[in-house]
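J.: Let's see this in three dimensions:
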Amino acid sequence: MTETSIIISGFGGQGTLFSGQVLAYAALDNGKEVTWIPSYGPEMRGGTAHCTVIISDEPIGSPLVRNPDVAVILNLPSLDKYEYTVKADGVLIVNASLINRKIERKNIRNIYIPANEIAEEIGLSRMANMVMLGGMIYMKPVLNLEMVKEALSEHIPSRHRRTLPMNFTAMERGYAFAQEAFEKTVA
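T.: Numbers count the residues shown, from 1 in each chain. Got it, this is the predicted structure:
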């Protein structure tokens with residue numbers, strides 16, 4: 001059985017829940033079993049927010065995750081909370097724009113992506129979540145980039161349809177950044 005658990009965590013307003021929804025829709029649209037559980041602090045925008053996504057080829061026994069395969073981390077409090085929960089040999093994707101400390105663990109694969117800077121280059125700073133999502137897809141290809149882009153296109157609210165090209169560019173840039181950075185470490 002192939003099952004992948006993912007936690008996406010950051011401040012409310014960074015799009016952590018939306019990133020998880022996009023992954024969940026992409027998995028559903030491609031015949032996978034999925035759970036998506038959002039969680040946010042009482043402050044909403046500016047408070048803590050995270051979601052858990054499980055993608056599987058078979059029915060999922062429990063939607064709860066203690067030790068995720070992947071953690072996508074958008075801020076320092078989230079890194080402090082989740083760094084040591086990721087499974088050994090798991091993947092940790094860190095927003096280097098807002099996190100200036102080094103990852104302490106040696107038994108996981110990790111990458112730092114300057115997501116906010118990349119999003120600002122694209123022209124919309126709130127695309128950092130999509131940059132990180134693109135990096136995650138490279139590091140843990142449970143779905144491919146085209147599947148996720150298609151799901152976003154199908155499920156984005158109509159009021160945000162005009163941002164689709166920027167969302168696609170953000171995912172592509174995050175994917176390319178992760179690919180280039182990871183290939184440098186392997187070489």
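J.: Would you map the strands across the chain?
T.: Using DSSP state E, the strands of the chain run over 3-11, 33-40, 48-56, 70-73, 91-95, 109-113.
J.: Nearest to V131 among the ones you listed would be which one?
T.: Each of the strands of the chain has some distance to V131 by C-beta to C-beta; the shortest is strand 109-113, at 6.3 Å. Yep, even glycine has a C-beta here, placed from its N, CA and C like the rest.
J.: What angle do strand 91-95 and that closest one make with each other?
T.: Strand 109-113 and strand 91-95 are oriented at 20 degrees to each other (axes from the mean of the first three to the mean of the last three C-alpha atoms, to 10 degrees).
J.: most tightly surrounded among the strands of the chain?
T.: Ranked by mean neighbour count under mean count of other C-beta atoms under 10 Å, the strands of the chain are led by strand 70-73, which reaches a mean of 28.
J.: Which elements pack onto that one?
T.: strand 3-11, helix 76-82, strand 91-95, helix 128-139 (3 or more C-beta pairs under 8 Å, 6 or more residues apart in numbering; DSSP states H and E).
J.: Specify the stretch among the strands of the chain that is closest to A176.
T.: Ranking those by proximity to A176 (C-beta to C-beta) places strand 109-113 first, at 10.4 Å.
J.: tell me the centre residue of the protein?
T.: In the chain, the C-alpha closest to the average C-alpha coordinate belongs to L133, at a distance of 4.0 Å (C-alpha atoms, centre = their mean).
J.: Report pLDDT for it.
T.: L133 carries a pLDDT value of 97.
J.: Tell me which residues touch the closest residue to it other than its chain neighbours, please.
T.: Take L133 and drop its neighbours on the chain: the residue closest to it by C-beta to C-beta, 6 or more residues apart in numbering is S19, 5.0 Å away. By C-beta atoms under 8 Å, 6 or more residues apart in numbering, the residues touching S19 are 8, 51, 72, 129-130, 132-133.
J.: could you point out where the protein is predicted with low confidence?
T.: Across the chain, residues meeting the criterion (pLDDT under 70) sit at 1, 41-47, 185-187.
J.: go again using 80 as the cut-off
T.: Applying pLDDT under 80 to the predicted model, the residue ranges of the chain that meet it are 1, 40-48, 182-187.
J.: re earlier: could you save the strands of the chain as JSON lines and add columns showing distance to K81?
T.: As requested, these are exported to JSON lines (distance: least, C-beta to C-beta, whole Å):
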{"stretch": "strand 3-11", "distance to K81": "7"}
{"stretch": "strand 33-40", "distance to K81": "12"}
{"stretch": "strand 48-56", "distance to K81": "8"}
{"stretch": "strand 70-73", "distance to K81": "9"}
{"stretch": "strand 91-95", "distance to K81": "12"}
{"stretch": "strand 109-113", "distance to K81": "16"}
